[in-house]
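Visitor: below is the sequence, then the predicted model.
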Amino acid sequence: MKKNPCGFNVLHNAKLNKGSAFSEAERDQYGLRGLLPAGATTQVIQIQRALENMRRKAYDIERYIFLFALQGRNERLFYQLLIEHINELMPIIYTPTVGLACQQFAHIFREPRGFYITPDDRGRMHEILCNWPEKDVRMIVITDGQRILGLGDLGANGMGIPIGKLALYTAGAGIHPEQCLPVMLDVGTNNQELRDDPLYLGIKKPRLTGAAYHELVEEFVGTVQDIFPKAVIQFEDFLTPNAYALLNTYRDRVCCFNDDIQGTAAMVLAGIYSSIRISGHKFPDLRIMFLGAGSAATGMADLIQRALCNTGMNNDEAVQRLWFVDENGLVVKSRKELAEHILPYTKDQPAMSFVEAIKLFKPQILIGATGVQGTFTEEVIRLMAEINERPAIFALSNPSSHTECTAQQAYDWTDGRVIFASGSPSEDVSFQGKTFHPGQGNNAYIFPGVGLGAIACETSRITEEMFLAAAATLANMVQPAHLEQGVIYPPLEDIRAISLAIACAVAEKAYEQNLAQKPAPKDVSKSGLQESIAKLMYDPSY
Ligand code: NAD
């Protein structure tokens, strides 16, 4: 009789499978003899093979499919590959390729991943959530798919975002895959094209709205508190009014945050801190202009305002440093029908265009969060270069096809003087014989570390002070050598070290604010905390 009748199942269990890397002893132990080629190999060789296979594909979307198929076959190999080749693979599993993957989600669908909630689940969420096989969920990313990157309403196709983001929580911060739960709140879609697509996998009805929508979210959040009481909930890619409504409803009640609002804000604040090390400006002297007045932009402004207030300014003085422009020009008090979240930033000025506002306000920093390609025109960027010796331009909209301007344009139109960051990765830029490596203002610098810190100390809330600490920590990791090349974020290859440092800063804040529910480690020094958090980090190597 076979010693281990589950041998074949081991190969088909992504968590256990090591494929050709099972050792001779393991082959005996698990009853794998004959089920594998004879030559036992190593994870290092498997990574080489996986890379070779992936690189052979002609399109990034094929690489995306390949990588997630690998995750379904051999989870540890997938994560080790991701950790070792984060620069190459992040643009595939996350922006920009994930945008295309979401658009085509129903067409490239292979096997279900993550958890789907629909309005029909109202009243029995507890029973349904218990279907999830893991019992110690710590990190939940939930979207309703209504504002996927800058691509709009993609309905249930938006599931690619929580899946991709949680892969980055694991690769970037070592949050164990078993503790991660991607959730799609499928409340329908107003995207007619999707509803007409016979392959579409979501609910083919207009979106649920109003009280019924909020009751469904409420039941979900409440059930999570019952079943997974230590879980952090990250709201992701909700349309601005819902994004703010959910954040404001839950931020003081449960452990949650909105990455588009708060994570982006911390990433941008870190970039601003770094940029002034190049430009020589003092932080309290900054004038910052935003193009786009959605939740991403006002989230940044809210955090920058706090940071300004921490330098000794009052609220009003800080708000005067932050100007907003949208497709109707400067956001001024006389404008009607402005959303509530932008009201604190309206200016007592006459109506004026974007260019007129730049001439009047003379910002040193311009931040784009419009979702609209080409909105930083040549005129705008040349004007920024006329006003500033080293203009800082953040063109943050994702994916690349929606960016406000390209890196090449920013360098060309400023005679190479720009301090530039984009939302999606940029190609290297050559300008007058010099090559620049533009930085990516990627939330992935922030959210994995925030999640890890929150989980490590079991904080009951995630506060703005934690995001301020995360921003300062990230900025501190930028070395003078990076700044000399005009790069304002540290290398992505260092993501694990960055996430660990941010996790420590977040946990420290949680202990300081009496929000941590887990006793502090015996050694409360910085290195003691760091050591205890590092021990929690998932290591997929074998
Ligand atoms: P949103 O739709 O709520 O906001 C978009 C804003 O842009 C609105 O105020 C709208 O009026 C304005 N706008 C639209 N067209 C414009 C134009 N032609 N000129 C000027 N303003 C215009 O969306 P959001 O949630 O605030 O996100 C905006 C963008 O930010 C998205 O494209 C998203 O990809 C990007 N974003 C990037 C990151 C990152 O990490 N890089 C993070 C979050 C959001």
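Guide: Done, it's in.
Visitor: so how far is stretch 142-155 off the chain centroid?
Guide: Taking Cα atoms, centre = their mean, to the nearest Å, the mean C-alpha location of stretch 142-155 is offset from the chain mean by 14 Å.
Visitor: list the buried residues for that stretch?
Guide: Residues 142-151, 153-155 are the ones in stretch 142-155 that count as buried (16 or more other Cβ atoms under 10 Å). Where C-beta positions appear, they are placed from N, C-alpha and C, glycine not excepted.
Visitor: show me which residues of the chain sit near the ligand.
Guide: 147, 149-150, 240, 260, 264, 291-297, 326-327, 369-372, 375, 396-398, 402, 423, 441-443 (Cβ under 6 Å from any ligand atom).
Visitor: among the residues you listed, which are located in helices?
Guide: 240, 264, 295-297 (DSSP state H).
Visitor: now these in JSON lines, with pLDDT and distance to residue 228?
Guide: Formatted as JSON lines, these follow (pLDDT from 0 to 100; distance: Cβ to Cβ, whole Å):
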{"residue": "240", "pLDDT": "91", "distance to residue 228": "27"}
{"residue": "264", "pLDDT": "96", "distance to residue 228": "26"}
{"residue": "295", "pLDDT": "90", "distance to residue 228": "26"}
{"residue": "296", "pLDDT": "91", "distance to residue 228": "28"}
{"residue": "297", "pLDDT": "96", "distance to residue 228": "32"}
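Visitor: who wins for neighbours among these?
Guide: Among these, residue 296 has the most neighbours (other Cβ atoms under 10 Å), with 32 neighbours.
Visitor: list the contacts for residue 496?
Guide: By Cβ atoms under 8 Å, 6 or more residues apart in numbering, residue 496 lies in contact with 83, 172-174, 537.
Visitor: in the stretch 201-350 of the chain, which spans are strands?
Guide: Per DSSP state E, counting those that start in this stretch, the stretch 201-350 of the chain carries strands over the ranges 232-235, 256-258, 288-291, 322-326, 329-330.
Visitor: and the longest one, what does it pack against?
Guide: What it means is strand 322-326. Judged by 3 or more Cβ pairs under 8 Å, 6 or more residues apart in numbering; DSSP states H and E, the packing partners of strand 322-326 are strand 288-291, helix 295-309, helix 354-361.
Visitor: please tell me how far that strand is from the chain's geometric centre.
Guide: In terms of Cα atoms, centre = their mean, the centre of strand 322-326 is set 24 Å apart from its chain centre.
Visitor: so what angle separates the directions of it and helix 354-361?
Guide: Counting by axes from the mean of the first three to the mean of the last three Cα atoms, to 10 degrees, strand 322-326 lies at 170 degrees to helix 354-361.
Visitor: show me where the stretch 51-200 of the chain dips below the pLDDT cut-off.
Guide: Along the stretch 51-200 of the chain, no part satisfies pLDDT under 70.
Visitor: hey, where'd the strands end up in it?
Guide: Using DSSP E, counting those that start in this stretch, the strands of the stretch 51-200 of the chain run over 115-117, 139-143, 180-185.
Visitor: tell me, how many residues neighbour residue 487?
Guide: Around residue 487 there are 22 residues (other Cβ under 10 Å).
Visitor: again, but for residue 375
Guide: Using other Cβ under 10 Å as the criterion, the residues surrounding residue 375 number 21.
Visitor: any idea how far it lies from residue 402?
Guide: Distance from residue 375 to residue 402, counting by Cβ to Cβ, to the nearest Å: 10 Å.
Visitor: distance of residue 523 relative to residue 376?
Guide: 49 Å.
Visitor: between the two, point out the one with more neighbours.
Guide: Using other Cβ under 10 Å, the more surrounded residue of residue 523 and residue 376 is residue 376, with 26 against 12.
Visitor: show me what contacts that one?
Guide: By Cβ under 8 Å, 6+ apart, the contact list for residue 376 reads 291, 366, 368, 393, 395, 404-405, 409-410.
Visitor: next step: those restricted to strands.
Guide: Per DSSP state E, strands hold the following members of these: 291, 366, 368, 393, 395.
Visitor: list the contacts for the residue of the stretch 251-400 of the chain found nearest the ligand?
Guide: Nearest to the ligand in the stretch 251-400 of the chain, going by Cβ to the nearest ligand atom, is residue 294, at a distance of 2.0 Å. By Cβ under 8 Å, 6+ apart, the contact set of residue 294 is 240, 369-371.
Visitor: distance of the spatially most central residue of the chain from residue 312?
Guide: Compute the mean C-alpha point of the chain, and by Cα atoms, centre = their mean the closest residue is residue 443, 4.2 Å away. Separation of residue 443 from residue 312 (Cβ to Cβ) stands at 29 Å.
Visitor: so residue 477 makes contact with residue 494?
Guide: Yes. Contact criterion Cβ atoms under 8 Å: residue 477 and residue 494 qualify, at 7.1 Å.
Visitor: looking at those two, which is more packed in?
Guide: Neighbour totals were compared for residue 477 and residue 494, and residue 477 leads with 18 against 15 (other Cβ under 10 Å).
Visitor: how close does the more buried one get to the ligand?
Guide: 18 Å (Cβ to the nearest ligand atom, to the nearest Å).
Visitor: per-residue pLDDT, that residue?
Guide: Note on residue 477: pLDDT of 96.
Visitor: got it, and the one 5 residues further on?
Guide: Reading off the confidence values, residue 482 has pLDDT 91.
Visitor: just checking, it touches residue 476?
Guide: No. Judged on Cβ under 8 Å, residue 482 makes no contact with residue 476 at a distance of 12.0 Å.
Visitor: which of the contacts of residue 294 count as buried?
Guide: 240, 369-371.
Visitor: biggest separation within those residues, which pair?
Guide: Greatest spatial distance in those: 240 and 370, 12.3 Å, computed using Cβ to Cβ.
Visitor: one step back: now the strands of the stretch 201-350 of the chain in CSV, with mean neighbour count?
Guide: Shown next, in CSV, are the strands of the stretch 201-350 of the chain (neighbours: other Cβ atoms under 10 Å):
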stretch, mean neighbour count
strand 232-235, 26
strand 256-258, 26
strand 288-291, 26
strand 322-326, 24
strand 329-330, 20
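Visitor: tabulate these (JSON lines), appending mean pLDDT.
Guide: Shown next, in JSON lines, are the strands of the stretch 201-350 of the chain (pLDDT from 0 to 100):
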{"stretch": "strand 232-235", "mean pLDDT": "98"}
{"stretch": "strand 256-258", "mean pLDDT": "98"}
{"stretch": "strand 288-291", "mean pLDDT": "98"}
{"stretch": "strand 322-326", "mean pLDDT": "98"}
{"stretch": "strand 329-330", "mean pLDDT": "98"}
